[in-house]
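Enquirer: Okay, predicted coordinates and the sequence, questions at the end:
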Amino acid sequence: MNKFEQLGLTESLQRAIIDLGFENPTEVQEKAIPLLLEQETDLVALAQTGTGKTAAFGFPLIQKIDANNRNTQALILSPTRELCLQITNEIKLYSKYEKGLNVVAVYGGASISEQARDVKRGAQIIVATPGRMQDMINRGLVNISQINYCVLDEADEMLNMGFYEDIVNILSTTPDEKNTWLFSATMPAEVSRIAKKFMHDPVEITVGTKNSGSATVSHEFYLVNARDRYEALKRLADGNPDIFSVVFCRTKRDTQQVAERLIEDGYNAAALHGDLSQAQRDSVMKSFRGRQIQMLVATDVAARGIDVDNITHVVNYQLPDEIETYTHRSGRTGRAGKLGTSIVIVTKSELRKISSIERIIKQKFEEKTIPSGIEICEIQLLHLASKIKDTEVDHEIDNYLPAINEVLDGLTKEELIKKMVSVEFNRFINYYKKNRDLSSQSAGSDRREREPSENTSGATRFFVNIGSRDNFDWMQLKDFLKETLDLGRDDVYKVDVKEGFSFFNTDIEHTDKVMGMLNGMELEGRRINVEISKNDGGGRRDHNGRSSGGFRGERSSSQRSGGFGPRTERGGAPRTERKEGGFRPRTETGSSERPARRAEGGERSEKRSFEAAKTRRPRRS
């Protein structure tokens, strides 16, 4: 007996369920469907991605819609175009036996006039992204003032993407007496605010523990030096020959660079990020769904709404800024009851985030080591043998067998097997013979972000005259430098932000680029100055990040105000000698212009107060 029959659904819906092959409802469906059919109520449902939420609200919504009334009766908001289209297609499949019921998708990247015409013809259910829906409301192309139901699907993702104002504006145009059903994987503060503002005594159902991870997903982390992050990714892919994965990066540039490197190294990979056109995005997703792509490298925003079956691994190449985002990433695998694995490549400085994630998802991570070259070769060898054994013979080859047998004549069975396997195996053994074993490198030697030891030979330490009063913290400054200089995230490290100036390191080969590109930029009319520091940044630091190296530093009044210009031999700004924690302006004779001042902990004491700086963004002069 199909268990959906016990949920109170109509015969026509049950016929559609049988056609779809559904047999047993998921936990969220079992809890939500009877509740929504029996009561006119607001609902908050917390359940992970991939637990069947679309059917949980889709079936009761279809049953409550009056198909004879062509006015819009329900609005479903979703975060992305992909999810919008997916929900629309699923609702159409669920309602295939409901005569007269029309569902229209409203999303960006397609003709707004065509979508408006589809709505005008009669759409009892509209599935929309917030941005396009707000646009249609502003143009008077849609009327949702009389709807009876509003569904917010993946509410936390919509709010993470910055749609809070759009959602508030859209909901403000809907009637107060409607029922609002909110489905979300997590319950951050903004989702709670929406619930309090637009919902009346909502019933709450939770699948598993609130904000927890899926029980079908195992979690692993691999501790590596930051410089080995990409090499670790390759080895994890080689160690899982049947991998079908989404690899998450923090920025669009990192996403593109990682994908390009994987492609160059022979992997079936592609990038998915916001700089792609809709046509490019559609092409990538088509290839991924068709499994022509094994490793889809994506940003969090671009990956939202992806619903692809049988993803075996989610790889966190970099952890997200918001820890809650990890829940959405890991939810891309382990769907529909199948097992999946979420992998994190992590440096020592990021280990504390693992503990924070464990508290949120209520699950433990297993620490593993990157497989060695020998282990990978063994895995690949056995995989190749299994692949040969399981290959179905195409008898069209029979016509060529006499010629093939002639070529292979004289080889024993053992020799033939060795030669066949070696064709593929030699590629791996030759590569890994030449490469070091990552697991033998002590990842624990990472200090701060990427420092194999206190020895910074091969690195250049820079001084730059922007700091916290320019609204930079260390992470924001690092991102700015990385984007401006077109460097990888791990190419900028040891970032130290003070009030009016900062220090950072890059590898020595980037020195000319740093000096050439940063000198010549402006910050609200003030020239940015960057110079090479004489200190390597390796001094001991206290718990506030201040250097305790005992440096003494003095500045002229013009330098205290941040008005740095390029050094000149004569007639310009005085030549300076930079040291971390301070710098000494010199006159022509080399004497100091101002007496030295010693600050606690070897730092200067900033006694002059500064007016709070406005948010600024450096620009090219």
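Expert: Happy to help now that I have it.
Enquirer: all contacts plus neighbour counts: C-alpha atoms, from now on.
Expert: OK.
Enquirer: got the contact list for the nearest residue to I532 once chain neighbours are set aside?
Expert: In space, and not counting its chain neighbours, I532 is closest to F462: 4.5 Å by C-alpha to C-alpha, 6 or more residues apart in numbering. By C-alpha atoms under 8 Å, 6 or more residues apart in numbering, the contact list for F462 reads F503, F504, N505, V530, E531, I532, S533.
Enquirer: Could you report the neighbour count for the spatially closest residue to the second one that is not a sequence neighbour?
Expert: Leaving aside its chain neighbours, F504 sits nearest to V495 (4.3 Å; criterion: C-alpha to C-alpha, 6+ apart). Neighbour count of V495, defined by other C-alpha atoms under 10 Å: 21.
Enquirer: Look up which helix or strand V495 falls in, please.
Expert: strand 493-497 (DSSP states H and E).
Enquirer: residue ranges with poor pLDDT in the stretch 101-250 of the chain?
Expert: For the stretch 101-250 of the chain, applying pLDDT under 70 flags the ranges 208-214.
Enquirer: What strands flank the strand or helix carrying V151, and is each parallel or antiparallel?
Expert: Here V151, judged by DSSP H and E, is contained in strand 149-153. Next to strand 149-153 in the sheet, as set by DSSP bridges, lie strand 74-77 (parallel), strand 179-184 (parallel).
Enquirer: Give me the contact list for it.
Expert: So strand 149-153 is in contact with 57, 61, 73-79, 178-184, going by C-alpha under 8 Å, 6+ apart.
Enquirer: Can you select the buried ones from those residues in ChimeraX?
Expert: The ChimeraX command for the buried members of the contacts of strand 149-153 (criterion: 16 or more other C-alpha atoms under 10 Å) is given here:
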select :57,61,73,74,75,76,77,78,79,178,179,180,181,182,183,184
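Enquirer: measure the most centrally placed residue in the chain to M158 for me?
Expert: For the chain, D300 is the residue whose C-alpha lies nearest the centre (C-alpha atoms, centre = their mean; 3.0 Å). Note on D300: its distance to M158, by C-alpha to C-alpha, to the nearest Å, is 12 Å.
Enquirer: Same question for R304.
Expert: Taken as C-alpha to C-alpha, the span from R304 to M158 is 9 Å.
Enquirer: Now do the shared contacts for these two.
Expert: Common neighbours of R304 and M158 (C-alpha under 8 Å, 6+ apart) are P79.
Enquirer: low-confidence ranges in the protein?
Expert: Ranges of the chain meeting pLDDT under 70: 1-2, 208-214, 305, 336-337, 433-434, 437, 439-457, 489, 524, 535-621.
Enquirer: In strands only, show me the contacts of F462.
Expert: F503, F504, N505, V530, E531, I532 (DSSP state E).
Enquirer: Next, the buried residues of stretch 270-284.
Expert: Neighbour-count burial for stretch 270-284 [16+ other C-alpha under 10 Å]: A270, A271, L272, H273, G274, R281, V284.
Enquirer: The fourth one contacts A298, doesn't it?
Expert: Yes - with contacts counted by C-alpha atoms under 8 Å, H273 reaches A298, the gap being 5.8 Å.
Enquirer: neighbour-wise, which of the contacts of F462 leads?
Expert: F503 (29 neighbours).
Enquirer: which residues touch that one?
Expert: Per C-alpha under 8 Å, 6+ apart, neighbours of F503: R461, F462, F463, V464, K494, V495, D496, V497, E580.
Enquirer: Select only the buried ones of the residues you listed in ChimeraX?
Expert: A single ChimeraX command selects the buried members of those (16+ other C-alpha under 10 Å):
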select :461,462,463,464,494,495,496,497,580
